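Chemist: Following is a predicted model, sequence given first.
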Amino acid sequence: MANVRELRVNGKRLAVDAAPDRSLLSVLRDDLELTGAHYGCGEGQCGACTVLVDGAAVRSCVTSVGAVAARQILTVEGLERESGLHPIQQAFLDAGALQCGYCTSGMLMSAAALLKKTPRPTRKEIIRAMNGNICRCGAYPRILDAISRAAAAGETRR
């Protein structure tokens, strides 16, 4: 299979030259210098590498770049809006849902996918959507609070 020559990331078409079997995470970080998604477990279990592909949360460490070459990719760097932070980013700040920050980008992306699909999720829906995103600092109550705040504030359907 031919190398991937272009990706649609954060609303832009970006030139790359990547073997199709490389992980999306490695291409984003190493080739495009979009370092918001983090390498955690390398097995798609911790959520630190979560990005959105066509609006759905995916683990970029186990997703091949060839599988998403023609799709829309959104990283945490693309969440910010011209008017300021995305509501989920602001809610994480307001709720103190950041501690060491390593998991935060994955948490933000999973939450953004949830709120786009379900603008007013129940607590149970939030917990289900965030299952698999691991915070080693244990900030889960504040993370859940932040997602609830963002949902209550509305305007999260980007």
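Modeler: Sure, I can see it. The shown structure was predicted, so the numbers you read here are calculated from the model rather than taken from an experiment.

Chemist: all strands of the chain, in order?
Modeler: 4-9, 12-18, 50-53, 56-59, 72-74 (DSSP state E).

Chemist: burial measure for residue 1, as a count.
Modeler: 8 (other CB atoms under 10 Å). No exception for glycine: its C-beta is placed from N, CA and C like everyone else's.

Chemist: Surely it is in contact with residue 64?
Modeler: No. Judged on CB atoms under 8 Å, residue 1 makes no contact with residue 64 at a distance of 10.0 Å.

Chemist: Show me the common contact partners of the two, please.
Modeler: 20, 21 (CB atoms under 8 Å, 6 or more residues apart in numbering).

Chemist: quick one: residue 139 and residue 97 touch, right?
Modeler: Yes. Contact status for residue 139 versus residue 97: in contact at 5.7 Å, counting by CB under 8 Å.

Chemist: These two: who's more crowded?
Modeler: Each of residue 139 and residue 97 has its neighbours counted (other CB under 10 Å); residue 97 has more, 24 against 21.

Chemist: Contacts only, for the more buried one.
Modeler: Residue 97 touches 91, 104, 107, 139, 142, 143, 145, 146, counting by CB under 8 Å, 6+ apart.
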